[in-house]
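Chemist: Predicted structure and sequence below. I'll ask about it afterward.
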Amino acid sequence: MKLKSMSVKNLVAIGALIISSAAVADSYQVDLEALASHTKFDGLESKKNTYGIGGAYYFNAVSTANVPLAEAAFLGKNSNVYADISRTSLIGQHSTSSAVGAEFYIPENFLYVDAGVTRIASKYFTDNDWYTSVGITPIDGLRVSTTYYHDNGYDANVAAKYVMAIGGENFINLEASLVDADAGLIKKIGGDFYFDTTLSVGGAVSQQHSDNSYTVRTRKFFTEQISGELSYEDAPDENILMAGVSVRF
């Protein structure tokens, strides 16, 4: 009887451990990412390399249950603070870019606010700026916003993002933006198809004047905590290859 009692206790303990592990796997509160990009300019031998790291801390745990892992924080409307820094090398010169900010979702009013500061520094110049975005989230999966940069003033602009389920584990992410800048109208549209909650393939097209840029991209979560991504952009005067990895806990 004693052995049987011990076995039951062990089974209960194992079951509790499995349930606890599953609960941990279905959420995260910190997201860290490292990125590297290589830019090749048309007709020039010069190349630009950029390396960066960044991260976000969410005030509440982000649930990943039954949603694309890459879109979990967006769909959950999880408020957070974030920071990133990158270093760029071009023709023997180096510059550093950094940003610190916070995103807030206000469920009662469907409001969205993103605000932060940026800094670009090199041997010859330093520039500090601040920005803010305000928007609404009228329905689940949709956010519409506009952004103001202090240095450049306000150029009329709008950006929209919509993530929706289309059956089973398949989802679609749609993104579009429009900026009426001094240099002309900038239009961009993009999207991603989620084959399941871990794998997406997508792309984007942007246009300014008669110049078009095309991007293809993919992201794969190898576990709920670790992912890798890859993108390639074909712009009028340059080509950009970017790779990144991220870890969550």
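Modeler: Sure thing, it's come through.
Chemist: excluding its backbone neighbours, what's nearest Asn66?
Modeler: Setting aside the residues directly before and after it, Asn66 is nearest to Thr197 in space (C-beta to C-beta, 6 or more residues apart in numbering), at 7.5 Å. Where you see a C-beta, it was placed from the backbone N, CA and C, and this is true even at glycine.
Chemist: List the contacts of the one you found.
Modeler: Thr64, Asn66, Val67, Pro68, Leu69, Glu169, Phe171, Phe221 (C-beta atoms under 8 Å, 6 or more residues apart in numbering).
Chemist: Put the buried members of the residues you listed into a PyMOL selection.
Modeler: The buried residues among those can be selected in PyMOL (16 or more other C-beta atoms under 10 Å) with this line:
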select buried, resi 64+67+68+69+171+221
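Chemist: Max pairwise distance over the contacts of Thr197: which two?
Modeler: By the measure C-beta to C-beta, Asn66 and Phe221 form the most distant pair in those, at 14.3 Å.
Chemist: Which positions within the helix or strand Arg143 falls within qualify as buried?
Modeler: With elements taken from DSSP states H and E, the one containing Arg143 is strand 142-149. Buried residues in strand 142-149, counted by 16+ other C-beta under 10 Å: Leu142, Arg143, Ser145, Thr146, Thr147.
Chemist: Ok, stretch 166-184 next?
Modeler: Phe171, Ile172, Asn173, Leu174, Glu175, Ala176, Ser177, Val179.
Chemist: still on that earlier bit, can you put the buried residues of strand 142-149 in CSV and add distance to Gly244 and pLDDT?
Modeler: As requested, these are exported to CSV (distance: C-beta to C-beta, whole Å; pLDDT from 0 to 100):
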residue, distance to Gly244, pLDDT
Leu142, 26, 97
Arg143, 23, 97
Ser145, 24, 98
Thr146, 27, 97
Thr147, 23, 96
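Chemist: And these, which is closest to Gly135?
Modeler: When the buried residues of strand 142-149 are compared for distance to Gly135 (C-beta to C-beta), Ser145 comes out closest, at 2.8 Å.
Chemist: ok, the longest strand belonging to the chain: who's next to it in the sheet?
Modeler: In terms of residue count, the longest strand belonging to the chain (DSSP state E) is strand 47-63. When sheet partners are counted by DSSP bridges, strand 47-63 sits next to strand 27-41 (antiparallel), strand 80-90 (antiparallel).
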